[in-house]
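Q: sequence first, then the predicted structure, then my questions.
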Amino acid sequence: MKNNDHDEEERFVSETVLDYGTNPAHYGKLERPDGHARVTGPCGDTDEIYLRIQGGRVREARFVTDGCLYSLAACNAAARLATGKPLHQCLSINQRSILDHLRGLPDDHARCALLAATTLYQAVSDYVRNYGSPPSRKPTSQQEKSREGPGKEA
């Protein structure tokens, strides 16, 4: 029966999740990152995200995690979504945007997207604490909410 459950779960995993989880293009550390965060989730997985910032934009995002395939996929999605974006837009990358990018995760692994979003948020916050970053436009109420961290969704 356990094998059957696993087979059924695999039917609901998108090709994006499988690709990002088995071939994570953004995997690895950055030497001397401009922003960095290490966050351990309630499940025990630890994600680290490293950012290289240039001209107020994320020029490179890398990550490491000790989590499962879904954690790898979620962190890779967070790094991909952040790359090339201005810092203020990175603050709006949350659990829902990662899940949408991946075309979903199994319900019992949606927390992997939340952990990746939280780690990205903390890495951007680390950069702002260390170097400061004036917003390129007036923050919206959504951006104000995002300063408190990504909300738990899904």
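A: That came in fine, so what should we check first?

Q: for this protein, what's the longest helix?
A: Scanning the chain for the helix with the most residues, using DSSP state H, yields helix 110-131.

Q: and the residue nearest to residue 69 when sequence neighbours are not counted, which helix or strand is it part of?
A: Nearest non-adjacent residue to residue 69, counting by Cβ to Cβ, 6 or more residues apart in numbering: residue 21, 3.7 Å away. C-betas here are computed from N, CA, C, even on glycine. Secondary structure assigned from DSSP states H and E places residue 21 in helix 15-22.

Q: what is the mean pLDDT for that helix?
A: Mean pLDDT, computed over helix 15-22, is 97.

Q: next: stretch 80-92.
A: Rounded mean pLDDT across stretch 80-92 is 96.

Q: so how far is that stretch from its chain's centroid?
A: In terms of Cα atoms, centre = their mean, to the nearest Å, the centre of stretch 80-92 is found 10 Å from the chain centre.

Q: what of stretch 96-103?
A: On Cα atoms, centre = their mean, the centre of stretch 96-103 falls 10 Å from that of its chain.

Q: just the CA trace of that stretch, in PDB.
A: Taking C-alpha atoms only, stretch 96-103 is exported to PDB below (Å, rounded to 0.1, in the frame of the first residue of the first chain):
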ATOM      1  CA  ARG A  96       2.000  31.100  -3.400                       C
ATOM      2  CA  SER A  97       4.300  32.500  -6.200                       C
ATOM      3  CA  ILE A  98       6.700  29.600  -5.700                       C
ATOM      4  CA  LEU A  99       3.900  27.000  -5.700                       C
ATOM      5  CA  ASP A 100       2.400  28.700  -8.900                       C
ATOM      6  CA  HIS A 101       5.800  28.700 -10.600                       C
ATOM      7  CA  LEU A 102       6.300  25.000  -9.800                       C
ATOM      8  CA  ARG A 103       2.700  24.200 -10.800                       C
END
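
Q: if we can go back for a sec, the inter-axis angle of the longest helix of the chain versus helix 15-22?
A: Relative orientation of helix 110-131 and helix 15-22, computed by axes from the mean of the first three to the mean of the last three Cα atoms, to 10 degrees: 60 degrees.

Q: quick one: mean pLDDT for helix 110-131?
A: 96.

Q: could you shift the numbering so residue one becomes 23, and keep it that way?
A: Taking 23 as the first residue, the last one we looked at is helix 132-153.
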